[in-house]
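*Asks:* sequence below, structure please.
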Amino acid sequence: MPSVVFIHGTGVREPGFSALAGGFAAGLTGLRDGLRVVPYYWGGPHGASLAAGGASLPPEAGTTRGLAEAPAVPDADHDTAGWAALYADPDAELVLAASGAEPAVERPPGSVPPEQKIQALLTSLAAQGDAPAAEAGPGLARAAADLAAHPLFGAAAAALEPDDLAVLTARALVARVIAASLDADTPLVPVGDTRDAVVDRLAQALGAPPRGAERGLRAVLLRAAHSAASRAVVRRRRALTQAAHPAAGDILRYLTRGEEVRADLRTLLAGLESPVTLVGHSLGGIIALDTLVTTPLPQVRLLVTAGSQGPFLYESGSLPSLVHPEPLPPHVPDWLNLYDPRDLLGYLGAGLFPGRVTDVAVDSRQPFPAAHSAYWTNPTVYRHIVDRLP
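*Replies:* Just a heads-up that it's a prediction; the model follows:
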């Protein structure tokens, strides 16, 4: 039986790894029967940790509440840039809409505040739990309840048409859900098509017509992209370090003590019969590549990397197993390298190893860093892998 060994990337720990491995197995076996999917979980035994509980971190400093002065968004795709802004600050569009409202005036007795209807719909949505946006991740119920009580909702409702307000609210809900997943380092992030479908479903639940109403928000969206895209960098140093250290620490630990990880992988592979495919995400691809370069493993017939820094480390002289311009050893199998053009951690190998690597672009329609975590919810990724399985 053909085996596919899945090697996760940086920062992944349980219970996230089991969810990630389960999603990978489902995506692969849904396209081809008769596969044995074997997960390799190195993050638990070999991943980095703050052994002293963060004693090396400076004490927390004060926070900055206002929007950061952000550099221009380099991505020409305004839709992607807008979502990058919303992931950094899910309230960005709401704040901008509220800032365009006319000064409040006294309402006639008995009149209904313009925000009351959508607040009631948000409360009803919150009562349904997370199910209406399950594909985007957990947290919809809390996001809906929090948003219904947002102090700027009244001003935003006064500034926008009801349909536009419904779409803006749906985008804010989904942005809150995905941003929370990114902050928690959840290894599964939906691709853009799935995200947009959830937005459309929620917008309709909040009173908007089907797709198309979001176009009226384009001016707000672009202003948000340029004014809030980098708000995430204005977090406290301790919070940033604690959120980033598993990923950054995993890389540093592997580059200095990676032989233990490779040895365990070789032990795992020794028990598998040919044909075997290695699939590695991010640092997992580097682990797979280093293992194959240093050890002839004839049962491994295909290497697949996704969002991998292996080619960059090789070219920069940082790959443990091989230094440029040394060629890829003949015993290394065919190599399929998948990358998302918006994933700043994905690199190309064909120009470095002519005839040995096939680079294939896949588009999750997510901005970075979400693009780096969206490979395993993208059906195109699985089709490319299955098409090349031995």
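
*Asks:* which stretches of the stretch 151-300 of the chain form strands?
*Replies:* Using DSSP state E, counting those that start in this stretch, the strands of the stretch 151-300 of the chain run over residues 276-281, 300-306.

*Asks:* out of those strands, flag the one nearest A288.
*Replies:* strand 276-281 (3.9 Å; C-beta to C-beta). Yep, even glycine has a C-beta here, placed from its N, CA and C like the rest.

*Asks:* just the C-alphas of that closest one, formatted as CSV.
*Replies:* In CSV, the C-alpha atoms belonging to strand 276-281 read as follows (Å, rounded to 0.1, in the frame of the first residue of the first chain):
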residue,chain,number,x,y,z
VAL,A,276,6.6,6.3,0.1
THR,A,277,5.9,10.0,-0.4
LEU,A,278,7.1,12.6,2.0
VAL,A,279,5.0,15.7,2.3
GLY,A,280,6.5,18.5,4.4
HIS,A,281,5.0,21.9,5.3
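
*Asks:* one step back: looking at the strands of the stretch 151-300 of the chain, which is closest to H384?
*Replies:* So among the strands of the stretch 151-300 of the chain, strand 300-306 is nearest, using C-beta to C-beta, at 8.3 Å.

*Asks:* pairing partners for that closest one, with directions?
*Replies:* strand 276-281 (parallel), strand 334-339 (parallel) (DSSP bridges).

*Asks:* could I get those strands as TSV with mean pLDDT, mean neighbour count and distance to Q309?
*Replies:* Formatted as TSV, those follow (pLDDT from 0 to 100; neighbours: other C-beta atoms under 10 Å; distance: least, C-beta to C-beta, whole Å):
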stretch	mean pLDDT	mean neighbour count	distance to Q309
strand 276-281	98	26	11
strand 334-339	98	22	10
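
*Asks:* turn the strands of the stretch 151-300 of the chain into a markdown table, columns for distance to D200.
*Replies:* Output for the strands of the stretch 151-300 of the chain, formatted as a markdown table (distance: least, C-beta to C-beta, whole Å):
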| stretch | distance to D200 |
| --- | --- |
| strand 276-281 | 29 |
| strand 300-306 | 28 |
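
*Asks:* figure out which of the ones you listed is closest to D343.
*Replies:* So among these, strand 300-306 is nearest, using C-beta to C-beta, at 8.9 Å.

*Asks:* tell me the helix or strand right after the closest one.
*Replies:* helix 310-315 (DSSP states H and E).

*Asks:* which residues are in contact with that next one?
*Replies:* 285-286, 289, 319, 322-324, 337, 347-349, 352, 357 (C-beta atoms under 8 Å, 6 or more residues apart in numbering).

*Asks:* switch to 10 Å and redo it
*Replies:* Contact with helix 310-315 is made by 251, 255, 280, 282-283, 285-290, 293, 303, 305, 318-326, 328, 335, 337, 339, 345-353, 357, 359, as judged by C-beta atoms under 10 Å, 6 or more residues apart in numbering.

*Asks:* give me the subset of the residues you listed lying in helices.
*Replies:* Assigned to helices by DSSP state H, the following of the contacts of helix 310-315 qualify: I251, L255, L283, G285, I286, I287, A288, L289, D290, V293.

*Asks:* buried subset of those residues?
*Replies:* I251, L283, G285, I286, I287, A288, L289, D290, V293 (16 or more other C-beta atoms under 10 Å).

*Asks:* reformat the residues you listed as TSV; add distance to E161 and pLDDT.
*Replies:* Converted to TSV, those look like this (distance: C-beta to C-beta, whole Å; pLDDT from 0 to 100):
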residue	distance to E161	pLDDT
I251	48	88
L283	47	96
G285	47	97
I286	50	97
I287	52	97
A288	52	98
L289	53	98
D290	56	98
V293	59	98
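
*Asks:* pLDDT below threshold where in the stretch 101-250 of the chain?
*Replies:* Scanning the stretch 101-250 of the chain for pLDDT under 70 picks out 101-112, 185-187, 212-247.

*Asks:* run through the helices of it in chain order.
*Replies:* Secondary structure of the stretch 101-250 of the chain by DSSP state H, counting those that start in this stretch: the helices cover 116-127, 140-148, 153-159, 162-183, 192-205, 218-228, 237-257.

*Asks:* what comes up buried for the longest one?
*Replies:* Of all the residues in helix 162-183, those buried under the rule 16+ other C-beta under 10 Å are 163-182.

*Asks:* distance to V261 for the strands paired with strand 300-306 - can I get that in a markdown table?
*Replies:* Converted to a markdown table, the strands paired with strand 300-306 look like this (distance: least, C-beta to C-beta, whole Å):
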| stretch | distance to V261 |
| --- | --- |
| strand 276-281 | 11 |
| strand 334-339 | 19 |
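
*Asks:* related to what we said a few turns ago, and of the helices of the stretch 101-250 of the chain, who's closest to R32?
*Replies:* Nearest of these to R32, taken as C-beta to C-beta: helix 192-205 at 22.3 Å.

*Asks:* what angle separates that closest one from helix 140-148?
*Replies:* 60 degrees (axes from the mean of the first three to the mean of the last three C-alpha atoms, to 10 degrees).

*Asks:* just the CA trace of helix 192-205, in PDB.
*Replies:* Below are the C-alpha coordinates for helix 192-205, written out as PDB (Å, rounded to 0.1, in the frame of the first residue of the first chain):
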ATOM      1  CA  GLY A 192     -10.200  32.900   0.300                       C
ATOM      2  CA  ASP A 193     -13.100  31.300  -1.500                       C
ATOM      3  CA  THR A 194     -14.300  29.600   1.700                       C
ATOM      4  CA  ARG A 195     -13.800  32.800   3.600                       C
ATOM      5  CA  ASP A 196     -15.900  34.800   1.100                       C
ATOM      6  CA  ALA A 197     -18.600  32.200   1.100                       C
ATOM      7  CA  VAL A 198     -18.900  32.400   4.900                       C
ATOM      8  CA  VAL A 199     -19.000  36.300   4.600                       C
ATOM      9  CA  ASP A 200     -21.800  36.000   2.000                       C
ATOM     10  CA  ARG A 201     -23.800  33.600   4.200                       C
ATOM     11  CA  LEU A 202     -23.500  35.700   7.300                       C
ATOM     12  CA  ALA A 203     -24.300  38.900   5.300                       C
ATOM     13  CA  GLN A 204     -27.500  37.400   4.100                       C
ATOM     14  CA  ALA A 205     -28.400  36.300   7.700                       C
END
